[in-house]
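Undergrad: with the input below, show me the fold.
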Amino acid sequence: MKLLRSTTVLAVLRDGKGAMASDGQVTLGETVVKHGAVKVRTLFEGRALVGFAGGAADALTLFEKFEGHLERYRGNLRRATVELAREWRNDKILRRLEAMILVMDAEGIFTVSGNGDVIEGEQGTAAVGSGSPYALAAARALMRHTEMTAADICREAMVLAGETCIYTNDHVTLLTLEEGEDVQ
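TA: This is a model prediction of the structure:
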């Protein structure tokens, strides 16, 4: 998988409750051009969350494709994710998109790339982007050693990642979901 030096997106799932957060920094080369971008969205009537690292236009195209698959497979996240990866890898135009996406519902988290990668999150966590190793390590430590909620873990891990990764800032957008409830 390609390392995208552009952002950090983190997803945390604990006790049927999920959270996904992203930082707001947008860079062009080594220059910060925006601090408050929103890189996470709700999909499928608020039952799924999706976030991206990479080109915004590319990610929005993938969000549309993914939502179509979610509708086609009646909200089956696993099936929709595999179909998106298959389409992304096999389509001549989509194959050129430079992004990675993170998708989740109240039951699972997946990382998807244009290489056909579909990686299920481990230990209730997954992350993409340049700050992902830092956010992921912080989230896993918090999962093991605290009783914090998914949202609190997600927020704190993103703050910690922003303190270490130069491509991640502390302007965090956080979305949450619970099993059987709409996204907040």
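
Undergrad: looking at the chain, which helix or strand is least sure?
TA: Taking mean pLDDT, DSSP states H and E as the measure, strand 26-28 is the helix or strand of the chain with the lowest mean score, a mean of 82.

Undergrad: so what strands line up beside the very next helix or strand once past that strand?
TA: On the C-terminal side of strand 26-28, the nearest following helix or strand under DSSP states H and E is strand 31-34. Paired neighbours of strand 31-34 in the sheet (DSSP bridges): strand 26-28 (antiparallel).

Undergrad: now find how far off-centre the least confident helix or strand of the chain is within its chain.
TA: 18 Å (C-alpha atoms, centre = their mean, to the nearest Å).

Undergrad: hmm, who's touching that strand?
TA: Arg5, Ser6, Thr7, Val32, Val33, Lys34, His35, Ala37, Ala56, Tyr167 (C-beta atoms under 8 Å, 6 or more residues apart in numbering). To be clear about C-beta, it is placed using only N, CA and C from the backbone, and glycine gets the same treatment.

Undergrad: what is the lowest-pLDDT residue among those?
TA: Of all the contacts of strand 26-28, Arg5 has the smallest pLDDT value, namely 53.

Undergrad: isn't Glu178 up against Gly16?
TA: Yes - between Glu178 and Gly16 there is a contact under C-beta atoms under 8 Å: 6.4 Å.

Undergrad: so what sits against both of these two?
TA: What both Glu178 and Gly16 touch, as defined by C-beta under 8 Å, 6+ apart, is the set Ala106.

Undergrad: gap between Val103 and Gly29?
TA: 28 Å (C-beta to C-beta, to the nearest Å).
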